[in-house]
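*Asks:* How does the following fold in three dimensions:
(chains A and B)
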There are 2 protein chains.
Amino acid sequence: MSAPVRIGLLGCGTVGQAFVQAITEGGPTIERASGHRLEAGPILVRDPTRPRPGVDPALLTTDPEDVLADPEVGMVVELMGGVDPTSGFVRRALESGRPVVTANKQLLSREGDALLELAATAGTELRFEAAAGGAIPVIKVLRESLLAAEIDRLTGIVNGTTNFVLTRMRRAGLDYEAALALAQELGYAEADPTEDVGGADAAAKIAILSSIAFHTRVRFGDVPFEGIDGLHAEDVEIADGLGFAVKLLGVAELVDGAVSARVFPALVPHGHRLASVEGADNAVLLESPGAGEIMLVGPGAGGSETASAVLADVLSILGTQRGSFLHNALADAGRPIAPPGALRSAFYMRLSVRDRPGVLARVASALADGELSIETVLQQGQGDAARLVMILHEGREERMRAAVERISGLEDVREPPVVLHVIGNGDGR
Amino acid sequence: MSAPVRIGLLGCGTVGQAFVQAITEGGPTIERASGHRLEAGPILVRDPTRPRPGVDPALLTTDPEDVLADPEVGMVVELMGGVDPTSGFVRRALESGRPVVTANKQLLSREGDALLELAATAGTELRFEAAAGGAIPVIKVLRESLLAAEIDRLTGIVNGTTNFVLTRMRRAGLDYEAALALAQELGYAEADPTEDVGGADAAAKIAILSSIAFHTRVRFGDVPFEGIDGLHAEDVEIADGLGFAVKLLGVAELVDGAVSARVFPALVPHGHRLASVEGADNAVLLESPGAGEIMLVGPGAGGSETASAVLADVLSILGTQRGSFLHNALADAGRPIAPPGALRSAFYMRLSVRDRPGVLARVASALADGELSIETVLQQGQGDAARLVMILHEGREERMRAAVERISGLEDVREPPVVLHVIGNGDGR
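*Replies:* Model prediction:
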């Protein structure tokens, strides 16, 4: 076990609090899996009196020097946002040789290249998974798994607010203003949503992602963007009728050896894999001749989700020290293997029955005895060749097995029942 | 630039050949992005006379010692498959301190824990991204990005053959035998498809994935499995009518602190994100309270796709030496930013027009002058409030802009046209 790693924080809003909670409550898991013990603080904040559940107030400070000049701070996590004075703080941390993890897309899409160069010069690291793609590990996949893939196109839904608004416009027939108001009410949009709905947020993220995908410095100013703020409900409806969903897309591709990166609302056919990405989710589709089409989908925002991406960066930096990921692969949580009988599942059952009075009653009674309840029944055909199809709510599998055995033995059941699992049917899975 | 890394290969079938081609043809990209130069060979094969396009015959050998005892070999890539004699070769390589990359799910799901321990003892690494999930970087994401996430469920479509068969059964109404025969004809199923259709292949992969997700040693024998070989076309059809797709799923979850891992055919509601994974694709859905639901989708098999995952492992091992991924982040391919006017796109256009003779002709003529061709036209309403909607095939954007300007100026066009991009509509994107 290595010595604890002290992590200084710049900023402690929703994500910062979730990050502190994650390394406090998740300490044992992190230690077992990574071999590292993490400790939070000092934490730079503007207003130390604001309530921050789960954060020790003694760690808070309003003086940046308490974080930047503390020799015990081994790594800096920047979650305060903005470009100034943040840029100066990040530079100071890197210059002192400390690795920095940030979720700050504004800063990166404007100064990312200079900051990366500074990190390299100082022999340290700058990581920023949470700055583009929310909780989706797209930067790690691009930088490491697809390092040698010649990516020729990257298409992303990288703004959860607009995807939520567009989903509501299509599904509920809301107009833009009503869908935006709903997003604000539910916390999916800021009071001032300009950056999101105007496309600037997506453009900053696409600048970051395309820089990495194409090994080329693409800055925020290189990405022309349109948002969804001028979109009419009428066009969303017509598009739907023609077989398309409207999505705010970031598209970065190679065109004759040059990088083109843009953000615009676009029609996507319903059968396309990006069309099924709904609500506040983000998704990035990566295309390369070697690796094919790889898509990552996940939450676009949220305190604990973003904190999870930040924590992954912290552990990746520690893990690039050879051996750490090995530790993880061998870490044994000592969990037992579950005995199959105790499991629960929902089921589909098809019976071939003789359509006589009382058949359904006897089948239903066998199920009821096993505390298995019926969601849907479908009876087709008549006489000797009737078909009875049921979807059952979640129940204990061993009881289902017993019920099926009893049903197989019923006089009017002609063949052994066909039984299949059902997942994702609203029964808690 | 480091010294070249010589990679010894065990086996050189489809994946092996694609791997050798990838490091030969992709050499400059790999070198620029990773800072490493890779060289292939010696290569252990059974029959050196078999044609292997792109592979230098001078590198082939039938003697395992030529690979295992060569002091110049810095890393071993195992693509011969099977458990015996492969296990012995992999152990020898690890014992000598050489990192090993393998795509061998049989070996890993049976001896993975012992091999990982051996690697740790010898101070080296064993990586196996291509052994589960095809080209999807799910193992890297589990081991690194979600290292500290307390994953509570993993649901995967991890066998491309069965997913192809099931997709054809549902979409084309084929019965199981016909769909399997088609899969064999198109190269998606082996001549002996037992491992795939019976569920054993998926069970081996789920054993590997659940071991990593839950930090617990789950072996092949711990994963009860059913396949799709007993599935009736009738049930696929009924399920479709009830709103479900049938998928062969691997499900691994925590049940009262114990690990349950199983493979079975299951009904998945059409709206569920796993239901839209079609054809030979693989997908893995990872659920955790902290990071939310993250899904990865991509090709389940294929020579170059699997080789891409193998190459990613090779570079990850080299990259765990601090600094290598930094190199990648800074690597500048020197690509220019594309000028926007030269780009091509398909478009949606909505016009408010006065319904008079010749309106459509004038609009169509303005488009034709820009070499923009119409895929779909929809005209609604009459008189002064008619609506003309068009989907246009891909064309040059600057021409579209010019055409829109001309159309805006037409006498019977009442408002500026609404123009949106269209992607994924079969026009080469």
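*Asks:* what sits against A:L60?
*Replies:* Applying C-beta atoms under 8 Å, 6 or more residues apart in numbering or on different chains, we find A:L60 in contact with A:12, A:42-43, A:45, A:48, A:52. C-beta: built from backbone N, CA, C; applies to glycine.
*Asks:* and the gap between it and chain B?
*Replies:* Distance from A:L60 to chain B, counting by C-beta to the nearest C-beta, to the nearest Å: 23 Å.
*Asks:* Skip the chain neighbours and tell me the closest residue to that residue.
*Replies:* Distances taken as C-beta to C-beta, 6 or more residues apart in numbering or on different chains place A:P48 nearest to A:L60, at 4.2 Å, with adjacent residues excluded.
*Asks:* Who wins on neighbours among the contacts of A:L60?
*Replies:* Greatest neighbour count in those, by other C-beta atoms under 10 Å in any protein chain shown, goes to A:I43: 28 neighbours.
*Asks:* before we move on, back to that, can you read off the pLDDT for the residue nearest to A:L60?
*Replies:* For A:P48, the model assigns a pLDDT of 95.
*Asks:* just A:G257 next, same as before
*Replies:* If you check A:G257, the pLDDT there is 89.
*Asks:* can I assume it is in contact with B:R335?
*Replies:* Yes. With contacts counted by C-beta atoms under 8 Å, A:G257 reaches B:R335, the gap being 6.4 Å.
*Asks:* which of the two has more neighbours?
*Replies:* Looking at A:G257 and B:R335 with other C-beta under 10 Å, you find the greater number of neighbours at B:R335, namely 15 against 9.
*Asks:* mind checking the backbone torsions on that one?
*Replies:* When read as degrees, to the nearest 10, the backbone of B:R335 gives phi -80, psi 140.
*Asks:* Nearest residue to it in space, please, no chain neighbours.
*Replies:* Of all residues beyond its chain neighbours, the one nearest B:R335 is A:T216 (4.3 Å), with distances taken as C-beta to C-beta, 6+ apart.
*Asks:* Please apply the same query to A:I407.
*Replies:* Nearest in space to A:I407, with sequence neighbours left out and distances taken as C-beta to C-beta, 6+ apart, is A:A366 at 5.1 Å.
*Asks:* can I assume that neighbour is in contact with A:L410?
*Replies:* Yes. If you go by C-beta under 8 Å, A:A366 and A:L410 touch, sitting 7.5 Å apart.
*Asks:* now the residue nearest to A:E25 when sequence neighbours are not counted, what's its secondary structure?
*Replies:* Using C-beta to C-beta, 6+ apart and skipping the chain neighbours, the partner closest in space to A:E25 is A:G54 (7.9 Å). Each residue gets one of three states, and A:G54 gets coil by DSSP: H, G, I helix; E, B strand; the rest coil.
*Asks:* so where do the strands sit in the stretch 151-300 of chain A?
*Replies:* For the stretch 151-300 of chain A, the strands identified by DSSP state E, counting those that start in this stretch occupy A:153-157, A:244-255, A:258-269, A:281-288, A:292-299, in order along the chain.
*Asks:* Distance to chain B and mean neighbour count for those strands - can I get that in JSON lines?
*Replies:* Output for the strands of the stretch 151-300 of chain A, formatted as JSON lines (distance: least, C-beta to the nearest C-beta, whole Å; neighbours: other C-beta atoms under 10 Å in any protein chain shown):
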{"stretch": "strand A:153-157", "distance to chain B": "7", "mean neighbour count": "25"}
{"stretch": "strand A:244-255", "distance to chain B": "5", "mean neighbour count": "24"}
{"stretch": "strand A:258-269", "distance to chain B": "4", "mean neighbour count": "24"}
{"stretch": "strand A:281-288", "distance to chain B": "8", "mean neighbour count": "24"}
{"stretch": "strand A:292-299", "distance to chain B": "4", "mean neighbour count": "24"}
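*Asks:* nearest to B:R344, of the ones you listed?
*Replies:* Proximity to B:R344 (C-beta to C-beta) singles out strand A:244-255 among the strands of the stretch 151-300 of chain A, at 8.1 Å.
*Asks:* circling back to that earlier point, ok, the residue nearest to A:E25 - contacts?
*Replies:* A:17, A:20-21, A:24-25.
*Asks:* Please list only the buried members of these.
*Replies:* Listed as buried from those are A:17, A:20-21; burial here means 16 or more other C-beta atoms under 10 Å in any protein chain shown.
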